[in-house]
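Student: Show me the folded form of this:
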Amino acid sequence: GKAEELVPHLVNTLALHNTVTIVDPPRAGLHSKVILAIRKAEHLKKLLYVSCNPRAAMNNFVDLCRAPSHRVKGSPFRVIKATAVDLFPHTMHCEMLFFFERIEYPDSKASNIPAGSVEIPSVKPAEIPGVEIPGVGP
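Tutor: Numbering: from 1, shown residues only. The predicted structure is shown next:
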């Protein structure tokens, strides 16, 4: 079946402690219903996102990491580590693995959290521990 129909129902059955959720969406990224279901499932603390096109998946990353809102419920995630995996030698294509962990967020169910109440620092990829991007140095 379609992920956007199945995942919202499946995430509640994954209530095991220390579960790592792995998603490997098509080039366009995950459907917004899947992202919203993952965000609402507060018991899912770790997420491995496999991407063959990180630029296309950027909206997914933003929705995973944004502050809770009327549309996006649940505590946000943050990228802990990212790495490229060369599954296609001698081509320009590679898979990117992004490891996200959920941030403990004050009252993530609240729909009107004041802007600026939680500071999320902006960093360049080269400043994130564990991120190795060819051609980008410190």
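
Student: elements contacting the helix or strand of the chain with the lowest mean pLDDT?
Tutor: Taking mean pLDDT, DSSP states H and E as the measure, the chain has helix 3-10 as its least confident helix or strand, at a mean of 73. Under the contact definition 3 or more CB pairs under 8 Å, 6 or more residues apart in numbering; DSSP states H and E, helix 3-10 sits against helix 32-40. Where C-beta positions appear, they are placed from N, C-alpha and C, glycine not excepted.

Student: Give the other helices and strands that the helix it packs on contacts.
Tutor: Using 3+ CB pairs under 8 Å, 6+ apart: helix 32-40 touches helix 3-10, strand 20-23, helix 58-65.

Student: Any chance of JSON lines for these, columns mean neighbour count?
Tutor: Shown next, in JSON lines, are these (neighbours: other CB atoms under 10 Å):
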{"stretch": "helix 3-10", "mean neighbour count": "14"}
{"stretch": "strand 20-23", "mean neighbour count": "15"}
{"stretch": "helix 58-65", "mean neighbour count": "17"}
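
Student: got the ones you listed as CSV, with distance to Ile35 columns?
Tutor: Formatted as CSV, these follow (distance: least, CB to CB, whole Å):
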stretch, distance to Ile35
helix 3-10, 9
strand 20-23, 9
helix 58-65, 5
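
Student: of those, which approaches Phe99 most closely?
Tutor: strand 20-23 (8.6 Å; CB to CB).

Student: Paired strands for the closest one, with orientation please.
Tutor: If you go by DSSP bridges, strand 20-23 pairs up with strand 46-51 (parallel).

Student: where does the protein dip in pLDDT?
Tutor: 8-9, 11-17, 107-138 (pLDDT under 70).

Student: Could you report the neighbour count for Pro89?
Tutor: Neighbouring residues of Pro89 were enumerated by other CB atoms under 10 Å; the total is 7.
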